[in-house]
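Visitor: Sequence plus the predicted model coming up.
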Amino acid sequence: MCRIGAIKSKVPVHPSKALHLMLPQQEGYDNSGFAMVMQDLYGVFSQYKDKPLLSMACTREGARLVEEYMDKHHFTQLAAWVPVPDKQPNLNIEALPFYIFRNYDYPEFVKEPEAREALLLDTRLALRRMLEETGEGYVYSFWPDVLTLKEIGDPRDIATYFHLWDDNGCLLAKNIIVQCRQNTNYDIVRYAAHPFFLQGYTLCANGENTFFTKNTEFQKSLFRGYIGFESDSQNFLYTLHYVLHELKWPISYYKHVITPLPFSELAQRPDRDVLMTIRQSLAHLEINGPNTIIAGLPDGRMMTCCDSKKLRPVVVGGDGEMVAISSEVCGINEILPNRDTSKDIYPNEREVVVINQDLEVERWKQ
C-alpha cells in the first residue's frame, strides 16, 4: 500500500517539510522511488512565477535535443536551476546525468491564455515523444510556477542527492504533493511515479483502480494529453482534468463521476436527472477498488477523496498556518505537533474535502 502526502502553507516551505511528513509512514512504502510536485514557487523561482518552467531529467544528448527544439520553436530561456548533486558513495538512486529546471518566455506571437496553455501542453508532449524515441530522457512538466522531480531509489538517498534535507531557501513552495514510492504494480519507470501532472492539475493516489482498462480505453479518445497510462492512478488525474477543465463542471461532480451513487439512492435525490445523466454518459470513467487521492488544482486549492467503501485511509489536519493531508495521522503529528487534533478531518466515502487559498476546509457531500 502506498503512502501519499501534501502540504498547503501560508508561507513557503522547503521540501524537507514534506519529507518529514512522509518519514513516519515509512513502513507503507518500499524505498523504490520518490516524486514530488511543487506549486506556487518561491526561492530561486520567485521572479518567474508567470513563466513556464520545464522540469526534466536527461542525458547530455537529451539536453542538447531539448535546447535545439526550444530554440527552433521560439522559446527564450530566462533562467535555470541545475542542482549540484551530493554524490556520496552507496546512495540508492538510479540517477540520470542531468536534471534541468528551466524558465522560458513564451514566443512573442502567442498572447492569449488559452493559446499559451495549448502551446505548453503540445510542447511537453513533443519533447516527451522526442526523448522517448531516442531514449535520452524524461520531461515531467512544462507549466508556470510548477516544479516536478521524479527519481528511482530510496527516498532518503534521493533527498540527500538533491540536497532536499538542506533548508537553504533555494527550493520553496506553498503547495507540495509527494509520494515516497515508485509504481510497483507495473514496470518501474519514472513516468509511472506519482504525483502526475497535467495543465495545472496534480494528483497522487494510494490504492488501485480495477477499472483501469475501461477507463484507459475511453480516456484515450477524450483529449490529446491523456497519454502514457503507465499507472492505473493516472486515470484519476485524467478524469479530474476532464471534469473540471474540459467539461468545466463544479468540483462536487468529480465524485459523482468516479464513484456514482447506487441507482436506488439516485432515485430519491432532487437532482436525480442530472446525476443520472452523469452516470450514463460517463460510465466508463467510474473507478473501482481501494483508493484515496490527493490533488492540487490550477487555482491553488487542494482536495482529497476516497473510494466508495473507504478502504484506504486519509486524514487532514492544520494549525492555521499550514494544512497537511496524509495517509496516516503520524505524518501530520510529525510536522504539526501542536495543532488541535480535535479538528482533524477523516474524510468519509461520500465526500470531497477541499482546502482553499485561505486554508479554509470545505466539505462537499456527495
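Guide: Happy to help now that I have it.
Visitor: Helices of the stretch 101-250 of the chain, residue ranges please.
Guide: Using DSSP state H, counting those that start in this stretch, the helices of the stretch 101-250 of the chain run over 113-134, 155-161, 212-219, 234-241.
Visitor: most tightly surrounded among the ones you listed?
Guide: Highest mean neighbour count of the helices of the stretch 101-250 of the chain: helix 234-241, a mean of 25 (counted as mean count of other C-beta atoms under 10 Å). Where C-beta positions appear, they are placed from N, C-alpha and C, glycine not excepted.
Visitor: what comes into contact with it?
Guide: Identification of contacts with helix 234-241 by C-beta atoms under 8 Å, 6 or more residues apart in numbering yields 196-199, 201-203, 205, 209, 211-212, 215-216, 219, 222-223, 225-226, 228-229, 254, 257-258, 285, 287, 291, 293, 295.
Visitor: coming back round to it: right, so of the helices of the stretch 101-250 of the chain, which gets closest to residue 7?
Guide: Between residue 7 and the helices of the stretch 101-250 of the chain, the shortest separation by C-beta to C-beta is 15.2 Å, and it involves helix 155-161.
Visitor: pLDDT averaged over the closest one - what is it?
Guide: Averaged over helix 155-161, pLDDT sits at 94.
Visitor: and it, how far out from the chain's middle?
Guide: Put simply, helix 155-161 sits 19 Å off its chain's centre (C-alpha atoms, centre = their mean, to the nearest Å).
Visitor: Identify the residues contacting residue 65.
Guide: Residue 65 makes contact with 130-131, 134, 136, according to C-beta under 8 Å, 6+ apart.
Visitor: Hmm, I typed the wrong one, I wanted residue 122.
Guide: Contacts for residue 122 (C-beta under 8 Å, 6+ apart) come out as residue 224.
Visitor: how does it look with 6 Å?
Guide: Residues near residue 122 by C-beta atoms under 6 Å, 6 or more residues apart in numbering: none.
Visitor: Likewise for the one 5 residues further on?
Guide: Shown in contact with residue 127 (C-beta under 6 Å, 6+ apart): 66, 139.
Visitor: gap between it and residue 63?
Guide: Look at residue 127 and residue 63: by C-beta to C-beta, to the nearest Å, they are 11 Å apart.
Visitor: swap in residue 263?
Guide: 55 Å.
Visitor: Would you mind measuring the gap between the ends of stretch 145-165?
Guide: End-to-end span of stretch 145-165 (C-alpha to C-alpha, to the nearest Å): 22 Å.
Visitor: who touches that stretch?
Guide: Here stretch 145-165 has contacts from 15-16, 19, 31, 33-39, 41, 49, 55, 83, 85-86, 91-94, 101, 140-141, 180, 190, 193, 197, using C-beta under 6 Å, 6+ apart.
Visitor: ok, of the residues you listed, which come out buried?
Guide: 15-16, 19, 31, 33-39, 41, 55, 83, 91, 93, 101, 140-141, 180, 190, 193, 197 (16 or more other C-beta atoms under 10 Å).
Visitor: Filter these down to the ones in strands?
Guide: Residues of these located in strands (DSSP state E): 33-39, 41, 55, 101, 140-141, 197.
Visitor: Pull the most distant pair out of the residues you listed.
Guide: 33 and 41 (22.5 Å).
Visitor: Over to the nearest residue to residue 278 once chain neighbours are set aside: give its phi and psi.
Guide: Leaving aside its sequence neighbours, residue 278 sits nearest to residue 256 (C-beta to C-beta, 6 or more residues apart in numbering; 5.3 Å). Recorded main-chain torsions at residue 256 are phi -70, psi -20, according to degrees, to the nearest 10.
Visitor: Make 18 the first number, not 1, from now on.
Guide: Renumbered: residue one is now 18, and that last one reads residue 273.
Visitor: What score does residue 273 have for pLDDT?
Guide: For residue 273, pLDDT reads 96.
Visitor: Roughly how far does it sit from residue 195?
Guide: Distance of residue 273 to residue 195, given as C-beta to C-beta: 28 Å.
Visitor: didn't residue 220 look like it was pressed against residue 312?
Guide: Yes: applying C-beta atoms under 6 Å, one finds residue 220 in contact with residue 312, separated by 4.3 Å.
Visitor: Low-confidence stretches in this protein?
Guide: For the chain, applying pLDDT under 70 flags the ranges 18, 44-48, 198-204.
Visitor: what do you get if the cut-off is 90, keeping everything else the same?
Guide: With pLDDT under 90 as the threshold, the chain has low-confidence stretches at 18-20, 40-50, 99, 184-186, 197-207, 209-210, 224-225, 247-248, 328.
Visitor: How many residues are close by residue 128?
Guide: 9 (other C-beta atoms under 10 Å).
Visitor: likewise residue 308?
Guide: 25.
Visitor: In contact with the closest residue to it other than its chain neighbours, which residues?
Guide: Nearest-residue entry for residue 308: residue 224, 3.0 Å, with adjacent residues in sequence omitted and distances by C-beta to C-beta, 6+ apart. For residue 224, the contact set (C-beta under 6 Å, 6+ apart) comprises 307-308, 329.
Visitor: Looks to me like residue 25 is in a strand.
Guide: Yes: applying DSSP: H, G, I helix; E, B strand; the rest coil, one finds residue 25 inside a strand.
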